[in-house]
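In: Structure, please.
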Amino acid sequence: MRVSEVMTRDVRVASPQQSIQDAARMLAELDAGALPVGEGDRLVGMVTDRDIAVRGVAQGKGPETPVRDVMSSGTKYCFEDDDTDAVARNMGEQRIRRLPVVNRDKRLVGVVSLGDLTTRREEAAGETLARVSEPGGPHSQRAGRA
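Out: This is a model prediction of the structure:
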């Protein structure tokens, strides 16, 4: 099965210049935990509710702080024609709960999450969740991280 068959296509995108308050409002409206960050038609990062809390508020940054100051850059992504099993394994290895999905021109076309994978393959999603939930790893939000 391909990612394009399970991904969420209707994705809102934050800009790096938007305030973290605007991004938090978007997250609340969407009842989501993460937003892709785009500049023009290119993916430049992801911002999560945790980024806003840990890299923003906890470090004394105000609501007008630009998203670029708290977002994760160097964002991992997958292609819309990738196999869902391979993507699920990769998400587990990278300890990531959601990935932006791009086409072969590297234009954002959606997001795939554990929830999306669960709708089709509960076993793959369960294995991925178990790996994502292991403590520590490359996406630790410890203080002092840039």
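
In: If residue 45 is in a bridge, with which residues?
Out: residue 37 (DSSP bridges).

In: any idea where the strands of this protein begin and end?
Out: Assigned by DSSP state E, the strands in the chain fall at 34-39, 42-48, 78-79, 98-102, 108-113.

In: okay, these in a markdown table with mean neighbour count next?
Out: In short, each C-beta sits where N, CA and C put it, glycine included. Formatted as a markdown table, those follow (neighbours: other Cβ atoms under 10 Å):
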| stretch | mean neighbour count |
| --- | --- |
| strand 34-39 | 22 |
| strand 42-48 | 20 |
| strand 78-79 | 19 |
| strand 98-102 | 23 |
| strand 108-113 | 21 |
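
In: Might you list the low-confidence residue ranges for the protein?
Out: Along the chain, the model assigns pLDDT under 70 to residues 119-146.

In: show me where it has helices.
Out: Under the criterion DSSP state H, the chain carries helices at the ranges 20-30, 49-50, 84-94, 114-118, 122-132.

In: returning to that earlier point: Throw the strands of the chain into CSV and include distance to residue 57, thanks.
Out: Below are the strands of the chain laid out as CSV (distance: least, Cβ to Cβ, whole Å):
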stretch, distance to residue 57
strand 34-39, 17
strand 42-48, 13
strand 78-79, 30
strand 98-102, 22
strand 108-113, 24
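
In: among those strands, which is nearest residue 55?
Out: Nearest of the strands of the chain to residue 55, taken as Cβ to Cβ: strand 42-48 at 9.2 Å.

In: thinking again about what came up before, any chance of a markdown table for the helices of the chain, columns mean neighbour count and distance to residue 57?
Out: Formatted as a markdown table, the helices of the chain follow (neighbours: other Cβ atoms under 10 Å; distance: least, Cβ to Cβ, whole Å):
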| stretch | mean neighbour count | distance to residue 57 |
| --- | --- | --- |
| helix 20-30 | 17 | 8 |
| helix 49-50 | 15 | 10 |
| helix 84-94 | 18 | 26 |
| helix 114-118 | 19 | 26 |
| helix 122-132 | 16 | 24 |
